[in-house]
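[1] Next comes the sequence, and after it the predicted model I'd like to discuss.
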Amino acid sequence: MGPILIASIFFGFYSSVLSQTPNPCIFENGAIAANWSVANGIVYVEFINKNLANNQWTGIAFGDLSGNLETVLMTIRNYRVSLNTGLLANSGYVISVDQQPDVTPIFLNYNMNRLTARFQRPLSATGPRGFSLDNCVDWNFISASPPSPGQGGCRSGGAGKTVRTG
């Protein structure tokens, strides 16, 4: 089975899950677009950043802005995309990156400054901090940050909006 066929199967499955789940959520502001849905205790997320340069990162930070935020990071380094999870300090500057991401990537693509990432994670508590999306949780969208994760310098940019879910 070739890589294009495998990608098509995953994309078709993912699209099918999002379209069949009740009340999919949609966020769009500036360069950021996201949609997510929950099925069988799993959160399926599609995140798009239409203006992300090489050696930048973007992501979703979960939680109240007054505390530390559980974060899903998509990093572009040497024109390759990687997906990680970590902790964004409430100061907005310090990130610790987990050794093992607590999300499962489904599809990652970076082409002509456009990032598309599809991933899933349990709705229940997961990861080294046991963070759960099961209750009402703020979703904060980070448009772009020039430094590499772990080197500071993040503030929610133009599309850094809070969407309440749950």
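    Arrived safely, thanks for sending. Numbering: from 1, shown residues only.

[2] Count the residues that sit near the residue lying closest to residue 79 once chain neighbours are set aside.
    In this structure, residue 79 finds its nearest non-sequential neighbour in residue 54, 5.5 Å apart by C-beta to C-beta, 6 or more residues apart in numbering. C-beta here means a position set from N, CA and C on the backbone, and glycine is covered the same way. For residue 54, the neighbour count with other C-beta atoms under 10 Å is 11.

[3] Is residue 54 part of a helix or strand, or is it coil?
    coil (DSSP: H, G, I helix; E, B strand; the rest coil).

[4] buried stuff in whichever strand or helix holds residue 72?
    Assessed by DSSP states H and E, residue 72 sits inside strand 69-77. If you call a residue buried by 16 or more other C-beta atoms under 10 Å, then strand 69-77 has these buried ones: 69-76.

[5] With pLDDT as added columns, please give the residues you listed in CSV.
    Below are the buried residues of strand 69-77 laid out as CSV (pLDDT from 0 to 100):
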residue, pLDDT
69, 89
70, 92
71, 92
72, 95
73, 92
74, 94
75, 92
76, 94
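
[6] Out of those, which is nearest to residue 107?
    residue 74 (11.6 Å; C-beta to C-beta).

[7] What sits closest to the closest one if chain neighbours are left out?
    The nearest residue in space to residue 74 (C-beta to C-beta, 6+ apart) is residue 117, at 4.9 Å.

[8] Residue 132 too?
    Using C-beta to C-beta, 6+ apart and skipping residues adjacent in sequence, the residue nearest residue 132 is residue 125, 4.2 Å away.
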